[in-house]
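# What follows is a predicted protein model with its sequence.
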Amino acid sequence: MLLNRFEFALMNNPVRAAVQHHVEARRLLRMGGAMNGGRALEVGCGRGVGAGLILDVFGAHSVDGFDLDPRMVARARRRLGRRGSNARLWVGDATTIPVENDTYDAVFDFGIIHHIPQWRFSLREIARVLKPGGRFYAEEVLGAFIRHPVVRRLFDHPQADRFDAAEFRKGIEEAGLAPQATEKLGGAFAWFTAEKHRSA
Ligand SMILES: C[S@@+](CC[C@H](N)C(=O)[O-])C[C@H]1O[C@@H](n2cnc3c(N)ncnc32)[C@H](O)[C@@H]1O
């Protein structure tokens, strides 16, 4: 689901970039470790801040990224243009990723799966495109936040079948990944790392 005007402005903002850098990426790095090379994918890459962090902070050799919103992909292309073939971007949907099985060493979700009505489909796709032993890093927004009356007024989120941290972790498991670490901030936000089974 595309962002409304309020959330679009919030995501294309230096404050969001600072939070992503100093809070989200740091936490996920501590939970899941660095990549030290390899191929990464970012689902719902927005304006490309996360993809830059995947290269510079997590140490991926290359990153692919896509977003449902062509305006976001255009911004990400401008931001990451100087990275050449180390950053490939396209307009796409996380429920049908146009990539072969077992492609990536890591997949990153910086707060997008709660925007997807059929969120379990996207977890299955992420599991499919990860290599055996590959890692999933996710930051997510939980149902309690999405259902809050003030949040409902300001944001456009799917409302049906939203998840809490335990349900998202179960979704990760049902998609074929082994959950590793989970951290929560109240009932509103959570961070997850998981690994694709080596025998998969
Ligand atoms: C809350 S924003 C986060 C953007 C970016 N990851 C960040 O952290 O700044 C959610 C993003 O997910 C994108 N999105 C929503 N549904 C999507 C889908 N099904 N597939 C890919 N991207 C999607 C939106 O266009 C938006 O850019």
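Looks like it arrived, so ask away.

# in the sheet, who's paired with residue 140?
residue 190 (DSSP bridges).

# List the contacts of it.
109, 111, 113-114, 163, 168, 189-192 (C-beta atoms under 8 Å, 6 or more residues apart in numbering). For the C-beta atoms, the positions are set from N, CA and C on the backbone; glycine is no exception.

# Cross those against strands and list the overlap.
109, 189-192 (DSSP state E).

# Can you name the two of those that sit furthest apart?
Within those, two members stand farthest from each other by C-beta to C-beta: 109 and 189, at 12.8 Å.

# between the two, which one's more packed in?
Between residue 109 and residue 189, counted using other C-beta atoms under 10 Å, the more crowded position is residue 109 (23 against 19).

# Which residue is the nearest non-sequential neighbour of the more buried one?
residue 138 (4.1 Å; C-beta to C-beta, 6 or more residues apart in numbering).

# So which bits of the chain are right by the ligand?
1-3, 11, 16, 20, 43-46, 49-50, 67-69, 72, 93-95, 110-112, 115-116 (C-beta under 6 Å from any ligand atom).

# Just the buried ones among those residues, please.
Neighbour counting over the residues of the chain next to the ligand (16 or more other C-beta atoms under 10 Å) leaves 3, 11, 16, 20, 43-46, 49-50, 67-69, 72, 93-95, 110-112, 115-116 as the buried ones.

# Among the residues of the chain next to the ligand, which are located in strands?
Short answer: the residues of the chain next to the ligand in strands (DSSP E) are 43, 67, 110.

# low-confidence ranges in the chain?
200 (pLDDT under 70).

# quick one, helices of it?
5-11, 14-19, 26-32, 49-56, 70-80, 119-129, 143-146, 149-154, 165-174 (DSSP state H).

# Just the terminal-to-terminal distance for stretch 95-111.
Taking C-alpha to C-alpha, to the nearest Å, stretch 95-111 runs 15 Å from one end to the other.

# Apart from its chain neighbours, what residue comes closest to residue 189?
Closest residue to residue 189 apart from its sequence neighbours, by C-beta to C-beta, 6+ apart: residue 141 at 6.0 Å.

# what do you get for residue 157?
residue 146 (4.7 Å).

# can I assume that neighbour is in contact with residue 156?
No: using C-beta atoms under 8 Å, residue 146 is not in contact with residue 156; the gap is 10.4 Å.

# Compare these two (neighbour count), which wins?
Taking other C-beta under 10 Å, residue 146 and residue 156 do not tie; residue 146 has more neighbours (18 against 14).

# Alright, I will stop here.
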